[in-house]
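S.K.: Sequence and computational prediction follow.
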Amino acid sequence: MNINPRKFCVAPMMGFTTPYARKLYRILSKRAFLFTEMVPSKTMLYSKTRNLIIENNSENSVALQVGGAEPNELAECAKIAKNYNYNEINLNVGCPSKAVQKGGFGAYLMNEKVLVRNCLEAMVESADIEVSIKCRIGIGKEFNYDFFCDFIDEVIKSGISIVYVHARNAILTGLTTKNNRTVPPLNYDFVTRIKKEYPYVQFILNGGIDSIEKALPLSRIYDGIMIGRLIQNNPFFLSNVDHLFYKTTTETKFNEKIIIEYFQYINERLYKDSMFRLLSPLLNIFFGLPNNKKFKTEIQSVIKNRKIDEIKSLFLQFFDKKQVNFNF
Ligand SMILES: Cc1cc2nc3c(=O)[nH]c(=O)nc-3n(C[C@H](O)[C@H](O)[C@H](O)COP(=O)(O)O)c2cc1C
């Protein structure tokens, strides 16, 4: 069956969608379309630790998300994404954080549609790689469909044909980044309407999809869906994705092999990165559980001592006792 590879996307999440998380996600789902965290263009071009940040390890399909607003820099970033074997480079036009606004990129760019078009054009021209954007539906408190439509109309002149839409406005003053993911109301209707006007562009719906009951029907209505916090809180949800969203006949077997394979991977990277970053893809699910104090204390002490085998066996014990409800 010819199913859109972006039918189910895992959203870019700073501090979470690291190469380690993507490894875990890929163990759980062979088909989900993954994203890196947002990497500022200057970090991509000049950081000495670039390799650690944008390592890909062939966990394709993966998009590298970049933050920036200078066409020349972004063109270079597109070449880097190609060299690192990413499937796509995605421009962040949705992040409302103060630091990102100060840098003149992210959601702030929704007010600069011509500049966004120029950035995308430079990226499209510089490398043989898919270029896309992730944006909001507007800026400020009021909904304004014409504003959204004008923005899309301009940016797709760059030649891009994939747009991920976090279907709420960004409020750039007086609201934290976190609250910008909950306070501005969702408006999926704008995504439905824009798709009708530009049927040849893929619009992937993002925002507030927090259960499988919501995800499945939406994936049938829209070109694809993108999910962030549901996966951040419970990556094991991904074990159902290939079967449900890509109609594969094989299901990921839910057993301790997942933990073993993941630890094999991080074992090879033990002294290259912090223990927290290596383990954080797993920690969230276990830390989020109620009545779990003893496990948290044990884990924290073994993490401190970098005793990887003890950490692994703690996770395996936890898994074995089926203390987590994995029936989604
Ligand atoms: C911890 C965290 C970090 C995020 N970092 C990014 C990022 O780097 N780039 C981006 O475009 N969006 C980022 N987002 C926003 C998500 O990609 C997504 O648009 C948002 O969470 C709404 O989707 P959800 O309701 O499924 O979580 C982040 C969200 C979270 C929770």
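M.R.: Sure thing, it's come through.

S.K.: in its sheet, what does the helix or strand containing residue 38 sit against?
M.R.: If you go by DSSP states H and E, residue 38 is part of strand 34-40. Strand pairing for strand 34-40, determined by DSSP bridges: strand 62-67 (parallel).

S.K.: Quick one: residues in contact with the partner strand.
M.R.: Outside strand 62-67, the residues within contact range by Cβ atoms under 8 Å, 6 or more residues apart in numbering are 12, 22, 33-41, 44, 54, 56, 74, 77, 80-81, 84, 86-92, 95, 100, 103, 105-106, 130, 132, 134. For glycine as for every other residue, the C-beta is placed from the backbone atoms N, C-alpha and C.

S.K.: From the chain's centroid, how far away is it?
M.R.: 9 Å (Cα atoms, centre = their mean, to the nearest Å).

S.K.: Please identify the buried residues of that strand?
M.R.: By neighbour count on 16 or more other Cβ atoms under 10 Å, the buried set for strand 62-67 is 62-67.

S.K.: Give the rounded mean pLDDT of that strand.
M.R.: The predicted model gives strand 62-67 an average pLDDT of 98.

S.K.: circling back: and the contacts of strand 62-67 near the ligand, which?
M.R.: Residues of those in contact with the ligand (Cβ under 6 Å from any ligand atom): 12, 37-38, 92, 95, 134.

S.K.: what's in contact with stretch 49-56?
M.R.: With Cβ under 8 Å, 6+ apart as the criterion, stretch 49-56 contacts 19, 36-37, 39, 43-44, 47, 62, 64, 80, 84-86, 272-273.

S.K.: With only the CA atoms kept, save it in CSV.
M.R.: What follows is stretch 49-56, C-alpha atoms only, in CSV (Å, rounded to 0.1, in the frame of the first residue of the first chain):
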residue,chain,number,x,y,z
THR,A,49,30.1,19.5,19.1
ARG,A,50,28.1,19.5,16.0
ASN,A,51,28.6,15.8,15.4
LEU,A,52,27.1,14.9,18.7
ILE,A,53,24.1,17.1,18.1
ILE,A,54,23.2,16.1,14.6
GLU,A,55,24.5,12.6,14.4
ASN,A,56,22.0,10.6,12.3
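
S.K.: Kindly write the ChimeraX command that selects the buried subset of the contacts of stretch 49-56.
M.R.: Only the buried members of the contacts of stretch 49-56 end up in this ChimeraX selection, burial being decided by 16+ other Cβ under 10 Å:
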select :19,36,37,39,43,44,62,64,80,84,86,273
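
S.K.: Looking at the contacts of stretch 49-56, which is nearest the ligand?
M.R.: residue 37 (4.8 Å; Cβ to the nearest ligand atom).

S.K.: Wait, that closest one touches residue 19, no?
M.R.: No: using Cβ atoms under 8 Å, residue 37 is not in contact with residue 19, being 9.7 Å away.

S.K.: List the buried residues in stretch 119-132.
M.R.: Quick answer for stretch 119-132 (16+ other Cβ under 10 Å): 119-124, 126-127, 129-132.

S.K.: List the contacts of it.
M.R.: With Cβ under 8 Å, 6+ apart as the criterion, stretch 119-132 contacts 63, 68-72, 74-79, 81-82, 86-91, 133, 155, 158-160, 162-164.
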